[in-house]
Each structure stands twice: as structure tokens, then as C-alpha cells.
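[1] sharing a model prediction with you, sequence too.
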Amino acid sequence: MNTKYALKSELDADWAARPIALTHDNGRMTLVLEDPGGEPLDGLLGAPLELGRFLRLGLGIAAALGKAHQRGLVHKDLKPAHILVNRKTGEVKLTGFGNRLAPAPRAASARAARDHCRDTRLHGARTDRPHEPVDRRS
């Protein structure tokens, strides 16, 4: 929990639900996050999305990830449950960082990139090149 709270200074409210407090409740530690509004994307899935909405969501997710990457951060557990979508505004915020936040790889070597991604699944487009370094397109 302390590690998750320590991420507060690394996360920006423009693209993430930030931790605001670490409290003890009934003998258990609880991490309190900002409430940026919205709901997890996994709750919006299940039925086909209208094309325009799908594209707006995709752009919002890409923008949030881009902002994280600009700060040198990689979310290593990105999934629909960790993406908050505000239906009214269309804003997208990332959550679920926990211990799954890592500095973006700086090394050009394939070994460093492979080690960096060892606990993540390769995206389908990368499965035919598992020993090449991760680059900006990943």
C-alpha cells in the first residue's frame, strides 16, 4: 500500500486517478483515490459500441497513455478495469497502477527491453518478433 501511495507524485490528475490518502480502517490499510468521475471501461463493454464513441474512447485512452509515457512511466497492468471513462465528458483516466508502474526502458538492447517486458503479455503484433527491443510503436 505504501508503494501505491508513493506513486502520488508520479501521477497527474489530467490522466490518472491519483492517491490522496492512506488510511487505516478496521485494522486494514486502505488507499483512497481521487474521484475523477466516470466508471471502469469493463462496465461499458459487452454490447457493440457506436463507431464514433469507440473512436473517441480509443483516442482518450491513447492520450492518457501518451501523457504517462511522456513522463517516462509505463502502466504494466492496463486492462478495461483500470480505465475510467466519464460518459458525460468523455474524459479517460488511468488507475490500477499499484506495483505495476515502471520507468520506460531507455536501453536500446534487446535484452533490456525483453527484461522490462518479462511479466507482460506481448501484444499480438509483437509476437512474431519477441527478441527485438520494444520501441515507440509498442
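    Perfect, I can see it now. Nothing here was measured: the structure is a model prediction, and the numbers come from that model.
[2] any weak-confidence spans in this protein?
    Applying pLDDT under 70 to the chain flags residues 1-4, 6, 98-138.
[3] tell me what the longest helix along the chain is packed against?
    Ranked by residue count, the top helix of the chain under DSSP state H comes out as helix 51-70. Identification of packing neighbours for helix 51-70 by 3 or more CB pairs under 8 Å, 6 or more residues apart in numbering; DSSP states H and E yields strand 73-75, strand 83-85, strand 92-94. (C-beta placed from N, C-alpha, C; glycine too.)
[4] packing partners of the last one?
    In terms of contacts (3+ CB pairs under 8 Å, 6+ apart), strand 92-94 is packed against helix 51-70, strand 83-85.
[5] ok, now the first one?
    Contacts defined by 3+ CB pairs under 8 Å, 6+ apart place strand 73-75 against helix 51-70, strand 101-103.
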